[in-house]
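Enquirer: no FASTA, just this:
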């Protein structure tokens, strides 16, 4: 993952899922990347934008997951994968990363 050298570190390339051991950190970095690259003066990328892309009713569900206030469920993995625009292989990798993070003794 590459960071810019601006006042506030911003991801300038999409996070590589394979580089992560924590699915929450991956989601956080993905969100920051999208926010920095897909925001416009009229409308910025938001948690609600992600939820809409994932077909999730709660507009702040991603934030709750990132902040550790909610856990991702198996049934939500495919919805998140849609919003994350993951390939079939990456979906399997994301699911494994999620299960690794949920394990009592990883």
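Expert: That came in fine, so what should we check first? Please read all numbers here as calculations on a predicted model, not as lab measurements.

Enquirer: separation between residue 52 and residue 46?
Expert: 9 Å (Cβ to Cβ, to the nearest Å). C-beta coordinates here come from the backbone N, C-alpha and C atoms, glycine included.

Enquirer: out of the two, which sits in the busier spot?
Expert: A count of neighbours by other Cβ atoms under 10 Å puts residue 46 above the other of residue 52 and residue 46, at 17 against 13.

Enquirer: do you know how far the more buried one is from residue 85?
Expert: From residue 46 over to residue 85 the distance is 17 Å, taken as Cβ to Cβ.

Enquirer: Let me know the helix or strand that the residue nearest the centre of the chain is in.
Expert: Residue closest to the average C-alpha location in the chain (Cα atoms, centre = their mean): residue 27, at 2.3 Å. Taking DSSP states H and E as the criterion, residue 27 maps to helix 23-38.

Enquirer: Could you give the separation of that helix from the chain centroid?
Expert: 5 Å (Cα atoms, centre = their mean, to the nearest Å).

Enquirer: Where do the helices of the protein begin and end?
Expert: For the chain, the helices defined by DSSP state H cover 23-38, 47-54, 61-66, 74-84, 88-102.

Enquirer: With mean pLDDT and distance to residue 13 added, can I get the ones you listed in a markdown table?
Expert: Converted to a markdown table, these look like this (pLDDT from 0 to 100; distance: least, Cβ to Cβ, whole Å):
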| stretch | mean pLDDT | distance to residue 13 |
| --- | --- | --- |
| helix 23-38 | 94 | 8 |
| helix 47-54 | 95 | 19 |
| helix 61-66 | 96 | 20 |
| helix 74-84 | 95 | 15 |
| helix 88-102 | 94 | 16 |
